[in-house]
Every structure is written in structure tokens, then in C-alpha cells.
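Undergrad: missing the sequence, but the structure's below:
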């Protein structure tokens, strides 16, 4: 087979490889434990896309000496955008009809980002956004990989067209293509190696860390002339070795492996080896397996199957909870039916339309109109959310914890009830009911340089340093009220998931070195500032180090507190609140007339054992526990005094924290802050 014949030929084995890729992803998303590495199916897709697109571009360059951007984008638009728009419309409608309004705003943003193929960057940002950590997956989250490919489809032909125009008659076209591929692929690979261990979330979704996988496919397309002359024995061995690599990835890789990084080379090179193998005519090659009718059929449906399977899975989970085997089988059947109908009624009719084929401008325009449909569905969902969540009546001042008069334990005013006349914040606004520091003093995971922010009375005679993770930050609204009343000066040192101690934490599958460094810098700064008190809280009682027998944080807390006490700085530890281990605000939105469904046992996660134990050992560290003011009864209510208590994860809302100010003030003054305890 000549290179020209190869470029023009249909590769049935690649259709089979597409089938493997989409089945990997489908099994993984269905929660099949034996397919723990099925997420790498997208890596296989990247290689296939890089190969096929480069092959098409090379065909055009060989024929015309250039690349028609209008023609290329028109073909991509009519092929990809109609089916995608249909799924986006269905996702917007399903979000409105099935999911609580707490998810509408974020879902609308996701759908809009998916419609314009930048949702991968939105997810990359969300992966390091502390306020988004409890975000549920949206129905269009899987569009991230399509976004990477679409960005490649925009960038790659544009670079080729620009290079061919600028260097016309100076450099051979294929030499130019090689140079551009290497200039794109090599830095992308190196960046993936560097970025993945540092910030796996952004690295996973980033186009910059994925371009090398598409470039690998492009390199294969460029090497066709040489690859068609491979010995059949070598081609056979490469094909089966490539399939083995993909199977091994699916069976043995787990989501805990840092990805993409170097680990992604296994499925990437496996897919590449299969494509290389298909350049040769061999009798016992892997192409015989991949080219059978069933595999080719699934491969042809792979795009629509990928689009539909994820929304259907999330809808089923919202309705039935954990998926049973019978539900999984039904989801596979439903995904196939939706994909087949979309392929027959949407993809093929539009792709093979004579009008679309005859006029690239018309094809591109039609594709962009489909994109607009997806964007408009997002806008409609956002408008409905804004209308639903706006207040329509004047309400009395919420009381929150102030209804708990007298003894807190078993106080009937905090007993769970099925319904309340109104509540604030509304469940749809709970995640926005946050302390001010998220706007002006939040320090992300990736940073180790401390921020210090001042609140209260700048000339106050009593200075209190609030230090720790978000669990001390959630008390800032109450402390701001107390600082105003008592003329206290507040200085905040806060870092996501980073308590105030000397230990090295293990967070998100890696050593949290930024927290370790931040702690040392913050300790030095506090000693330099010499506040009257340090008030600290945190969610962790162990370091999270894998396999470590020294994960107890008590010694690390005592080390830091002792250094402060030795310099005349009093330490006060504030217990963590009970942890619901679910999104309470979402439960409340789903059960407004049955709020008792949103309760949870008081004993769950009450306090922070390490803080309490360290305070007891030191003796001179006050320990404040306001759990009874957050959960007075054996089962914790989601609403007390018309105030919704929980927002993100186990954090309390700003409104409820403010209602706790009198209780916190009483406890602080008993600890000696600001003078003797007031009557």
C-alpha cells in the first residue's frame, strides 16, 4: 500500500479502537470496579483524533499545497456540533426537571462552557476552587475531553495554514508539519510531567498537558510512508502489545494514580502502536479483532454514545442512588438506543446533506447555529434560576442560634422539624453565603506565601489572630461582629485544608508541601506581630500520610502552641462542628416539606479530637466547643431559627455563624479575652 492509498483508505480497525475507547469510559462511569482505569479511554481518543485530523490535513496539503480553514472548520462543524447541541439541550431540560435548583446556576455555566468548548478550563479552575469542592458532577462534565479536541481542531490547522503561508517555497510542507508537531507536542509532554504532581486537577483537564497525546497521533500520520514498509512480524507484535497496554491500563490503573503525567504514556503509546500496526497487511494482527462488524458498529456510534451515556448515568443515580447491575444493564441499552437514534436521525443526515457538502460556509454557519442553541439553553436555565431564587417578600430578622435560650443540650428550639415558613439563605444561595475572606484573603492550595488580612478596630487594644483552615475562617463573620462591639483588632491567616501545626499533611494524593511551608512562615509572622491571642480551628485530626503510624496531629499542634505560649501569646482552640457528610442545602431544596430527611447523627464528626487532646495535655490552652449551639439534639437539624445551617460540605453559613456571635463572645470572655466575663 502506497502512502497515497493509505491516506485515502478507511481504517476499520480504528473504528474498532474507538469502540474500545468508548467502552472503557462507559464501564468506568458505570462504576465497574474491574475497569478502574477506564477513564483512560479519553487518552485513546486523543491519539485517534490527532492521527485522523493530521491525515486529512496532509491529504489536502498534498493536493493543494495549503489548508482551507473554512473547508476544514465547516466539515468539523457539521460533523460534531449538531449532536452536541442536542445533548446540551436535553441536559438543560433535565437539570430543570430533575435536579434541585441548588444545581441550576452551576449547571447553566457548565452548559454554556460546553457549548463553546471551554468547559475543560472551567473544570480545571473548579478543581482548585475550595468553594467548589462539594460541587456535584454536571450532566455535561464529560464535554471536557471534547473541548480539548475542539481547541486542537481550531489551533492545529490554523498553525499549519499560517506556517505554509509564511514559509511558502522555503521549507518542504511535511518538514514544516514535523517542526510544528514537535514544537507543540514536546513542550506539552514536559509540562504534563511537571504540572501533574503539583496540581493534578488542573493538569487533568488542561489542553496544555494533553496536546502531546494528539501530537503522537499526528506523528504517526506523518510517518505513513515509512510505516507501510514495516515487517509484518513487527507490525503484528506492535498491535497486540498496544492492545495489551490498553487492557492493562483499564484493569490495573486506578483514579489514585497521578494523571496524565508519565502514567498516561501507557494507553497513549498503546493506541499509537495499534494505529501503527494497521499500516501493514498482516494475517494475525489485532486489526482482525478490531475490524469485526460489532466493533466497527460501536465505533461508528462512539461519538453519540460518549455524548449520551454520562447524562443518563447521572439521571439514574439521582433517581435510584447507587447503581445495581440491572440498572447498569438498562443504562447501557438506553445509551446505545439514544446514540443509534442520534447517529441515524441527526449525525448522518446533516453530515451527508448535499447542501452542507457543497458549501463549506453554509456548513460552518449551520454548525455555529447549533452551538447557539446550546448556549441559549444555558441562558434559559440561568434566567429560571434567577427568577426562582429572588426574594418576593419582606421577612423578619432571622434568629438562628439566638432561639436557643437557656440550656443548649436537648433544647427543643433546635429540634428537627419537617417544615418552616421560610428560611435564609435559600438553599439555592447557600453556597454564596460565605465569609468575606473568600473575596479578599483566601489562599489556594498551590500557594505557600501567607496572606494576612485585618478586620475590626485597627486601633483596638486587643489583637486576636485567627489561624488555620476554612474551619477557623467560617467563624470570621461572628468575630467581625464581636470585634466591632468590643473594639478588637482581628488578623486572619487562612489557607485551604491547612491547619495550624508543624506536621506535613498528605492531601489529594500527595504531600501538601505548600501547607508545610505556609505554617512555618505564618508562625514566624505571628511571633513577629505578637497578638494577644491566637484562635485556631481545623477539620483534621490526622495527617493523612499513607501507611504512617505517626499521623496523629497532637504533637504537631503542641509544638506550635508551645512556641507561642513561650512568647506570651495565649492560644485558644475552637472545636469543629458536627459533619453532615452530605450536601445539606441540596437535601433541603429537594425536601422542603420533609426537612427531617436532611438530619444526621450528632455524634458524627463532633469536635476535633486532636485539638481537644492537645489542649488537655498543655493545660493552659482553652478549648471552646459550640457544637451544642449548632446541633442541640441527638439528630442535627438543617434549619434552626429560620436559618439554614450548612453550606459547602460541613461548613456553616455566614448567616448562622453571625447568629452564634453572642455564644462565641461568652466563651471567649470566659477564656479571658477582652477582660472578665460579662454577666
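TA: Cool, got the structure. None of these values were measured; they are calculated from a predicted model.
Undergrad: mind listing the helices for the stretch 51-200 of the chain?
TA: Ranges of helices in the stretch 51-200 of the chain, per DSSP state H, counting those that start in this stretch, are 69-98, 104-115, 119-126, 143-166, 173-198, 200-205.
Undergrad: So which of those is the most surrounded?
TA: Ranked by mean neighbour count, those are led by helix 104-115 with a mean of 24 (mean count of other Cβ atoms under 10 Å). In short, each C-beta sits where N, CA and C put it, glycine included.
Undergrad: ok, back up a step: compile the helices of the stretch 51-200 of the chain into JSON lines and extend it with columns for distance to residue 457 and mean pLDDT.
TA: Output for these, formatted as JSON lines (distance: least, Cβ to Cβ, whole Å; pLDDT from 0 to 100):
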{"stretch": "helix 69-98", "distance to residue 457": "46", "mean pLDDT": "90"}
{"stretch": "helix 104-115", "distance to residue 457": "37", "mean pLDDT": "92"}
{"stretch": "helix 119-126", "distance to residue 457": "36", "mean pLDDT": "90"}
{"stretch": "helix 143-166", "distance to residue 457": "47", "mean pLDDT": "90"}
{"stretch": "helix 173-198", "distance to residue 457": "40", "mean pLDDT": "91"}
{"stretch": "helix 200-205", "distance to residue 457": "39", "mean pLDDT": "89"}
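Undergrad: among these, which is nearest residue 326?
TA: Residue 326 lies closest to helix 69-98 among the helices of the stretch 51-200 of the chain, at 20.5 Å (Cβ to Cβ).
Undergrad: which strands and helices sit next to the closest one?
TA: helix 41-64, helix 104-115, helix 143-166, helix 302-320, helix 348-351, helix 360-389 (3 or more Cβ pairs under 8 Å, 6 or more residues apart in numbering; DSSP states H and E).
Undergrad: go with 10 Å
TA: Secondary-structure packing of helix 69-98 (3 or more Cβ pairs under 10 Å, 6 or more residues apart in numbering; DSSP states H and E): helix 41-64, helix 104-115, helix 143-166, helix 302-320, helix 325-342, helix 348-351, helix 354-358, helix 360-389.
Undergrad: May I see those helices arranged in CSV, with distance to residue 423 as well?
TA: Shown next, in CSV, are these (distance: least, Cβ to Cβ, whole Å):
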stretch, distance to residue 423
helix 41-64, 41
helix 104-115, 18
helix 143-166, 34
helix 302-320, 23
helix 325-342, 34
helix 348-351, 48
helix 354-358, 53
helix 360-389, 13
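Undergrad: ranking those by mean pLDDT, which is last?
TA: Across the helices and strands packed on helix 69-98, helix 354-358 has the smallest mean pLDDT, namely a mean of 77.
Undergrad: neighbouring contacts of it?
TA: 74-75, 77-79, 349-351, 362-364, 366-367 (Cβ atoms under 10 Å, 6 or more residues apart in numbering).
Undergrad: do that again at 8 Å, thanks
TA: The contact list for helix 354-358, computed with Cβ atoms under 8 Å, 6 or more residues apart in numbering, reads 74, 78, 350, 362-363, 366.
Undergrad: which stretches of the stretch 551-679 of the chain form strands?
TA: For the stretch 551-679 of the chain, the strands defined by DSSP state E, counting those that start in this stretch cover 570-574, 600-601, 622-624, 635-636, 639-640, 643-644.
Undergrad: so of the helices and strands packed on helix 69-98, which one's packed in deepest?
TA: helix 104-115 (a mean of 24).
Undergrad: Distance from that helix to the middle of the chain?
TA: Centre-to-centre, helix 104-115 and its host chain are 14 Å apart (Cα atoms, centre = their mean, to the nearest Å).
Undergrad: Which strands and helices lie in contact with that helix?
TA: helix 69-98, helix 119-126, helix 143-166, helix 360-389.
Undergrad: switch the cut-off to 6 Å
TA: helix 69-98, helix 119-126, helix 360-389 (3 or more Cβ pairs under 6 Å, 6 or more residues apart in numbering; DSSP states H and E).
Undergrad: The first one vs helix 41-64, what angle?
TA: What that stands for is helix 69-98. 150 degrees (axes from the mean of the first three to the mean of the last three Cα atoms, to 10 degrees).
Undergrad: How about the second one?
TA: Interaxial angle of helix 119-126 relative to helix 41-64 (the same axes, to 10 degrees): 140 degrees.
Undergrad: next one: helix 119-126 to chain centre, how far?
TA: Distance, stretch centre to chain centre, for helix 119-126: 7 Å (Cα atoms, centre = their mean).
Undergrad: now the angle between helix 104-115 and that helix, please.
TA: Using the same axes, to 10 degrees: helix 119-126 against helix 104-115 is 140 degrees.
Undergrad: how big is the angle separating helix 119-126 from helix 143-166?
TA: 120 degrees.
Undergrad: tell me the domain ranges of this protein?
TA: 3-385, 435-582+601-635+654-670 (automatic domain parsing).
Undergrad: right, and those domains - which one's nearest residue 402?
TA: domain 435-582+601-635+654-670 (5.4 Å).
Undergrad: ends of the closest one, how far apart?
TA: 25 Å (Cα to Cα, to the nearest Å).
Undergrad: that older thread, adding distance to residue 421, write the domains of the chain out as TSV.
TA: Putting these into TSV (distance: least, Cβ to Cβ, whole Å) gives the following:
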stretch	distance to residue 421
domain 3-385	19
domain 435-582+601-635+654-670	16
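Undergrad: Quick one: closest of the helices and strands packed on helix 69-98 to residue 590.
TA: Residue 590 lies closest to helix 302-320 among the helices and strands packed on helix 69-98, at 9.4 Å (Cβ to Cβ).
Undergrad: could the helices and strands packed on helix 104-115 go into JSON lines alongside distance to residue 113?
TA: Output for these, formatted as JSON lines (distance: least, Cβ to Cβ, whole Å):
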{"stretch": "helix 69-98", "distance to residue 113": "10"}
{"stretch": "helix 119-126", "distance to residue 113": "4"}
{"stretch": "helix 360-389", "distance to residue 113": "8"}
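Undergrad: At which residues are the helices of the stretch 451-600 of the chain located?
TA: 470-473, 476-486, 513-529, 554-565, 584-590.
Undergrad: just to revisit the earlier point, can you lay out the strands of the stretch 551-679 of the chain as a markdown table showing mean pLDDT, mean neighbour count and distance to residue 188?
TA: Shown next, in a markdown table, are these (pLDDT from 0 to 100; neighbours: other Cβ atoms under 10 Å; distance: least, Cβ to Cβ, whole Å):
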| stretch | mean pLDDT | mean neighbour count | distance to residue 188 |
| --- | --- | --- | --- |
| strand 570-574 | 96 | 23 | 46 |
| strand 600-601 | 92 | 18 | 45 |
| strand 622-624 | 95 | 19 | 51 |
| strand 635-636 | 94 | 20 | 48 |
| strand 639-640 | 96 | 28 | 50 |
| strand 643-644 | 96 | 27 | 45 |
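Undergrad: quick revisit: what about the helices and strands packed on helix 104-115, which gets the closest to residue 660?
TA: Of all the helices and strands packed on helix 104-115, helix 360-389 sits nearest to residue 660, with 25.1 Å by Cβ to Cβ.
Undergrad: Contact partners for residue 399?
TA: Counting by Cβ atoms under 6 Å, 6 or more residues apart in numbering, residue 399 touches residue 641.
Undergrad: one step back: and of the domains of the chain, who's closest to residue 397?
TA: domain 435-582+601-635+654-670 (10.0 Å).
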